[in-house]
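Engineer: with the sequence up front, the predicted model follows.
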Amino acid sequence: MSVRVRIRTSTAALAMTTALVGALAGCTGASTSQGPGGDVPYVAPSANASAVNKEIEQDEAEAAADAEASDAAAANAAQEEAFNRPEEVRDAFAGLQATYQDGCAPGDGNCAYFLGRVNDELNGLDRSMRADAGGPNHFKEPMGWISALRTTLAGDNTTANLEKHRKQLLGTRERINTWMQGHPEDYR
């Protein structure tokens, strides 16, 4: 229930209670020589007011707690969005360039790591290019090369498949590196 709805409900309940108390107060003004009947219990007016005030205070406390909870939820959503946002193109490209410091010979134990990393860096760069403010058309060529590589790999990122398509994987990295070197405004 939203804060506004609770406030409206509390206000309406308070207005009805006030009207009822006023009507009952008018009835108690009439007195008989005997007073109210013996079957009518006596309730002090301060007890009624105290109950209404307690209810209002509870509603206000609930409204404050709801507001804090919604603020916390909004902060968590913003933090999660920032966490899931792709990195900048320059940062993704720097990760791809860092793969030039590594390498492997076919069948080498390091190949699984190296080829997997090159593939991951290319996919990260693709996500960054798609999310870039320049738009996907700005990076049409490199994104096309990555797409062609994905088609070649057919979703199989196993070491055997990456080694089988090693030439295309490293060739795509090289083509993108050359293209980006010709477009320094995109990574500086």
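Structural biologist: Looks like it came in fine.

Engineer: list the contacts for Arg117?
Structural biologist: Counting by CB atoms under 8 Å, 6 or more residues apart in numbering, Arg117 makes contact with Thr99, Asp102. Quick note: C-beta positions are derived from backbone N, CA and C, even for glycine.

Engineer: try it again with 7 Å
Structural biologist: Thr99 (CB atoms under 7 Å, 6 or more residues apart in numbering).

Engineer: name the helix or strand for it, please.
Structural biologist: helix 111-131 (DSSP states H and E).

Engineer: same check, this time on Asp39
Structural biologist: With DSSP H and E as criterion, Asp39 is part of no helix or strand.

Engineer: again, but for Thr18
Structural biologist: helix 3-28.

Engineer: which intervals of the chain have sub-threshold pLDDT?
Structural biologist: For the chain, applying pLDDT under 70 flags the ranges 1-8, 10, 12-13, 19-38, 40, 42-52, 72, 74-86, 186-188.

Engineer: tell me the helices in it, going along the chain?
Structural biologist: Taking DSSP state H as the test, the helices found in the chain are 3-28, 45-84, 89-98, 111-131, 140-153, 159-164, 166-181.

Engineer: can you lay out those as TSV showing distance to Ala105?
Structural biologist: Below are these laid out as TSV (distance: least, CB to CB, whole Å):
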stretch	distance to Ala105
helix 3-28	66
helix 45-84	37
helix 89-98	20
helix 111-131	7
helix 140-153	21
helix 159-164	11
helix 166-181	10
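
Engineer: of the ones you listed, which is nearest Asp39?
Structural biologist: When those are compared by CB to CB, helix 3-28 sits nearest Asp39, at 15.2 Å.
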